[in-house]
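**Q** following is a predicted model, sequence given first.
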Amino acid sequence: MAKSITPASTDVREQILAVGQRIMAAKGFSAVGLNEILTEASVPKGSFYHYFGSKDAFGVALLDSYFEAYLADMDAMLVQAGGPVGDALMAYFDSWQSNQSFLDCQGKCLVVKLAAEVADLSEAMRLALKEGTSGIISRLAAVIGRGVADGALAVDGSPEYLAEMLYQQWLGASVMVKIVRDTAPFDAAMAITRRTLNLAH
């Protein structure tokens, strides 16, 4: 018989994930031990293994939870908000820049922090990253395609190609911002984005 999930147990699981996301976004996956997460979350180790079979399984659940929230935010910003497509896309990239601070991202820069590290450590986590980032790119492509269809955007290349290119550009800029400790890479990414989408400054 499957175990029932009560609201209290869901709260404990979400607490572990929330604390883990914040700590690992700052320190990485390998550098953080379970004891650090559980101590800060005020959860006994036995409870951790009740919800997650291993640290690797926790990493997958962490990424799944992160992308679920991230994609919901994207939908609210790009799909449900309405208004001009170009404005919605610029608001999304403005939000990206705000959330990927090199000083303190408060757990919002999990992909930037973990991608290169865990893709080589865990196939399951790599696949979770692949699925999540594919969801981001497909949403960007859908919005660009909608803008092209209604005449709001005039672009060269397919929406899918442009969405992938822009996502890779911003992901790379986020890494460079951490290296140079300056926002200049974001300024360059924004300029390239505006040119790519033919949006006025």
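**A** Received the coordinates, thanks. Numbers count the residues shown, from 1 in each chain.
**Q** buried residues in the host helix or strand of S134?
**A** Element membership of S134, judged by DSSP states H and E, is helix 123-149. Neighbour counts over helix 123-149 (16 or more other CB atoms under 10 Å) mark 125-126, 128-129, 132-133, 136-137, 139-141, 143-148 as buried. Using the backbone N, CA and C atoms, a C-beta is placed for each residue, glycine as well.
**Q** same check on stretch 154-166?
**A** Neighbour-count burial for stretch 154-166, counted by 16+ other CB under 10 Å, picks out 155, 159, 162-166.
**Q** which two from those end up farthest apart in space?
**A** V155 and E164 (13.2 Å; CB to CB).
**Q** re earlier: what about the helix holding S134, distance to the chain center?
**A** Distance of helix 123-149 from its chain centroid, counting by CA atoms, centre = their mean, to the nearest Å, is 11 Å.
**Q** what helices and strands are in contact with it?
**A** helix 55-74, helix 85-99, helix 110-121, helix 159-180 (3 or more CB pairs under 8 Å, 6 or more residues apart in numbering; DSSP states H and E).
**Q** quick one: average pLDDT of the last one?
**A** pLDDT averaged over helix 159-180 equals 94, rounded to a whole number.
**Q** what of stretch 119-135?
**A** On average, stretch 119-135 scores 95.
**Q** just give the nearest non-adjacent residue to K45, would you?
**A** Leaving out its chain neighbours, the residue that sits closest to K45 by CB to CB, 6 or more residues apart in numbering is L38, at 5.8 Å.
**Q** for that neighbour, the count of nearby residues, please.
**A** Under the neighbour criterion other CB atoms under 10 Å, L38 is assigned a count of 18.
**Q** ok, now A41?
**A** Neighbour tally, A41, other CB under 10 Å: 19.
**Q** V112 reaches M176, doesn't it?
**A** No: assessed by CB atoms under 8 Å, V112 is found out of contact with M176, at 10.4 Å.
**Q** looking at those two, which one has more neighbours?
**A** The residue with more neighbours, out of V112 and M176, is V112; 21 against 16, by other CB under 10 Å.
**Q** pull out the buried residues from stretch 14-29.
**A** 15-17, 19-25, 29.
**Q** relative to N99, which of the residues you listed is nearest.
**A** For the buried residues of stretch 14-29, the nearest to N99 is A25 (10.5 Å; CB to CB).
**Q** just name the shakiest helix or strand of the chain by mean pLDDT.
**A** helix 7-27 (a mean of 85; mean pLDDT, DSSP states H and E).
**Q** what sits up against that one?
**A** Residues outside helix 7-27 that contact it (CB atoms under 8 Å, 6 or more residues apart in numbering) are 32, 36-38, 40-41, 43, 47-48, 50-52, 58, 61-62, 65-66, 104-110, 113-114.
**Q** and the helix or strand following it, how far out from the chain middle?
**A** Downstream of helix 7-27, the next assigned helix or strand under DSSP H and E is helix 34-41. Relative to its chain's centre, helix 34-41 lies at 23 Å (CA atoms, centre = their mean).
**Q** what packs against the next helix or strand after helix 34-41?
**A** Note on helix 34-41: by DSSP H and E, the next helix or strand toward the C-terminus is helix 45-51. Of the remaining helices and strands, those touching helix 45-51 by 3+ CB pairs under 8 Å, 6+ apart are helix 7-27, helix 34-41.
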